[in-house]
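Novice: Please find the sequence and the predicted model below.
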Amino acid sequence: MKNTVRSFKQILACMLAMVFYCHAQSQASVSAKDAKKISKDLFGIFFEDLSYAADGGLYAELVQNRSFEFNPGDHAGWNPLTAWDYTTDGFGYGKLSVETGLPLHANNPHYLVLEIEEPGQQGIGISNNGYDGFPVKANAVYNFSVFIRQLSKETIPVKVTLQSKKGIVYGELGFSTKPGEWQKYTGTITSAQTDDSACLVIKATAKGKMAIDVVSLFPQNTFKNRPNGMRADLGQAIASLQPKFMRFPGGCLVHGDGLGNIYRWKNSIGPVEQRLEQKNIWNYHQSLGLGYFEYFQFCEDIGAKPLPVLAAGVSCQNSGGTWRIGGTGQRGLPMDEMKQYASDVLDLIEYANGPAASEWGAKRAAAGHPAPFHLQYLGIGNEDKQTDDFRERFTYIYNLVKQKHPEITVVGTVGPAPDGEDFNLGWQYANQLAVPVVDEHYYESPEWFMHNNLRYDAYNRAHSKVYVGEYASWGNKLKNALSEAMYMTGLERNGDIVQMASYAPLLARIGHTSWNPNLVYFNGTAVVPTVNYYVQQLFSTNQGDVYYSNKVLFAGHNAADTALAASCVRDSESGDIIVKIINTNNTTAAAKIDLSVFKNIDPVASCTVLSGDPNATNSIEQPKNIFPSTAAFKAGKSFVYNAAPWSLSVIRIKQKAKN
Ligand code: AHR
């Protein structure tokens, strides 16, 4: 049985809750009993390497296919030379081949061999196109590195240039190869000009032969200046959401396209040249350069609790395109492999939290972070089909984590939809095992979000808590964003059992989207937060930890009006009272706000409003078409607020210190 309304008793409870809600909307009377504590971790983010969110996105690496590991299994027609060109501009000639004989590391099998028979006037070599070109800025410094094994006797001079497509050089560096094994060569290049689509060219200018691998170029200015770090502008856009947690690295990416494609966290740590790259379920490639260390570090840098998700020992039910025939692609790891798999799960906890002297804590320390990352939440599974195979493997992992690490809050999974078979079976099983939190997902119409504001009012408080791990209405118009805002007031009201919530997906590169809508769109140089982003930001930056009922009355509207919603929370740390009001009518709505339960209201308050044409969106041409504006506001114990048509208003009120 699912956790929503089922039995007569539950229907009754639901009706009572609805009556209470209507009352909450229409009554101005207040009392301290109307206050309840809500989750401090309520609003966070979900990051998935989808639509080039990681490689070609947040991960600041500018070279595409840096390790020559692309292959047709990633994407039809791809190969180790995808994104690369062979360049012989100055009439030189030679040979270029892809080889695997003596790789830099077994996890990184392919490399290039360049044989220079005649260097001509300019040398011969390779050039990379990056992701839609290299976006370089005048005076910006770029960190270059490459691994080379000199295969001929004589040393070979190498020239690296950042240049325009037509060959205008913006900056360069040079070095000479040394004999012996694979060696790493590093240097910096300063660009003399700004160009959105430059390219990186590496040329050998004397006869000889060499092997080349892991060609890398990063802007020196990454988010918080981390090496192997994140793109500064995208990192900042995420940080500005002030997310309380970050779920990563997916989604479907985690349980993978078949057993061989399950995301294995251990493959994503250590020196980047030793990470095991693999196909991305979203039809491209994962370099894993943005791996578990970088995720944990980024979470720390933005003040978000990490919420890693590991597969429950089964692959995605849609593996091999089986969504077309009803999602029969789920496979379970053989049970004799589950011992090792589950022990990898325990190792992740040690990697995040263990002492620097422990086996896995030492690897974290070696990466530059001896202090723990304070892992509290761990997701097991992602909207998996609720089969016996799933249950057996989930239970195996869950029991082990519970036994060895009772301090960790496991987040289970209840299918891909807000109801239906997997949802019901998932809840039933989660309740049976007493899983602390379960992850619900839903992508629905704006009307669905408006009409389901009461969804959690009737949830059983004795059952597992809820993580709304993925939700979005179908679009990026203001009306979509406001429907989400209305729904989020319901999440706040139920913040005693809704532990966390995150919009999905987060990032998408324009021209490479596998999923729409998203919260933030970007290209090489621009970042476009959607209207939905501003709703998320207004809720997250105005999140309280105590919820107050019965504070807002909409005059002249009946309580069943699903075009209006409101909430009132208090943030214990700042002492601020925050009232949120959403009006999705075409006319102004007068809201009577009664704050008489609070002492010493400071009349000097602020009000931030997001409003406009319900069909308006933000775009690369008009990134701030719909944008919140903040103004001073005069508050009092009781006042009337006129909410503009199609608006979200956030009134933030201080309480004066007693003297
Ligand atoms: O958010 C996009 C996808 O939606 C996620 O990968 C998956 O969990 C869900 O189906």
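Specialist: Now that the structure is in, tell me what you want to look at.
Novice: gap between Ile212 and the ligand?
Specialist: Applying C-beta to the nearest ligand atom, to the nearest Å, the value for Ile212 to the ligand is 35 Å. C-betas here are computed from N, CA, C, even on glycine.
Novice: these two touch, right, that residue and Phe147?
Specialist: Yes - with contact defined as C-beta atoms under 8 Å, Ile212 and Phe147 form a contacting pair (7.3 Å).
Novice: For Lys266, grab the count of nearby residues.
Specialist: Lys266 has 16 neighbouring residues, counting by other C-beta atoms under 10 Å.
Novice: do the one 3 residues further on as well
Specialist: Counted by other C-beta under 10 Å, the residues lying close to Ile269 total 22.
Novice: same check, this time on Asn225
Specialist: Neighbourhood size, Asn225 [other C-beta under 10 Å]: 9.
Novice: Please tell me how far it sits from Phe218.
Specialist: In this view, Asn225 and Phe218 are 11 Å apart by C-beta to C-beta, to the nearest Å.
Novice: ok, whichever residue of the stretch 151-300 of the chain sits closest to the ligand - contacts?
Specialist: Across the stretch 151-300 of the chain, the shortest distance to the ligand (C-beta to the nearest ligand atom) belongs to Gly251, at 2.6 Å. Counting by C-beta atoms under 8 Å, 6 or more residues apart in numbering, Gly251 touches 46, 48, 50, 309, 382, 470, 504-505.
Novice: and if we set it to 6 Å?
Specialist: Neighbouring residues of Gly251 by C-beta atoms under 6 Å, 6 or more residues apart in numbering: Glu48.
Novice: what does Thr530 give?
Specialist: So Thr530 contacts 476, 519, 618 (C-beta under 6 Å, 6+ apart).
Novice: Could you list the residues of the chain in contact with the ligand?
Specialist: Counting by C-beta under 6 Å from any ligand atom, the chain comes close to the ligand at 48, 50, 250-252, 382-383, 416, 441, 470, 504-505, 515.
Novice: Which one (most neighbours) among the contacts of Thr530?
Specialist: Most surrounded of these: other C-beta under 10 Å gives Leu519, at 27 neighbours.
Novice: Wait, it touches Val535, no?
Specialist: No - if you go by C-beta atoms under 6 Å, Leu519 and Val535 don't touch, sitting 9.6 Å apart.
Novice: Need the residues that contact stretch 597-604.
Specialist: With contacts defined as C-beta under 6 Å, 6+ apart, stretch 597-604 is touched by 30, 577, 595, 634-635, 637, 654-656.
Novice: change it to 10 Å
Specialist: With contact meaning C-beta atoms under 10 Å, 6 or more residues apart in numbering, stretch 597-604 is reached by 29-32, 34-35, 548, 550-551, 568, 570, 575-577, 595, 632-639, 653-659.
Novice: For that stretch, buried residues please.
Specialist: 597-598, 601 (16 or more other C-beta atoms under 10 Å).
Novice: surely Thr82 meets His285?
Specialist: Yes - contact criterion C-beta atoms under 10 Å: Thr82 and His285 qualify, at 8.7 Å.
Novice: Settle it for me: which of the two has more neighbours?
Specialist: Just comparing Thr82 and His285: by other C-beta under 10 Å the higher neighbour count belongs to His285, 24 against 18.
Novice: What helix or strand is the more buried one located in?
Specialist: Assigned by DSSP states H and E, His285 belongs to strand 284-286.
Novice: tell me what that strand is packed against?
Specialist: Packing partners of strand 284-286 (3 or more C-beta pairs under 10 Å, 6 or more residues apart in numbering; DSSP states H and E): strand 278-280.
Novice: who does the strand it packs on pair up with?
Specialist: strand 284-286 (antiparallel) (DSSP bridges).
Novice: Contacts for the strand it pairs with next, please.
Specialist: With contacts defined as C-beta under 10 Å, 6+ apart, strand 284-286 is touched by 49-52, 54-56, 64-65, 67, 69-71, 73-75, 78, 82, 249-250, 253, 261, 263, 267-268, 275-280, 512, 514.
Novice: continuing past it, what's the next helix or strand?
Specialist: helix 292-302.
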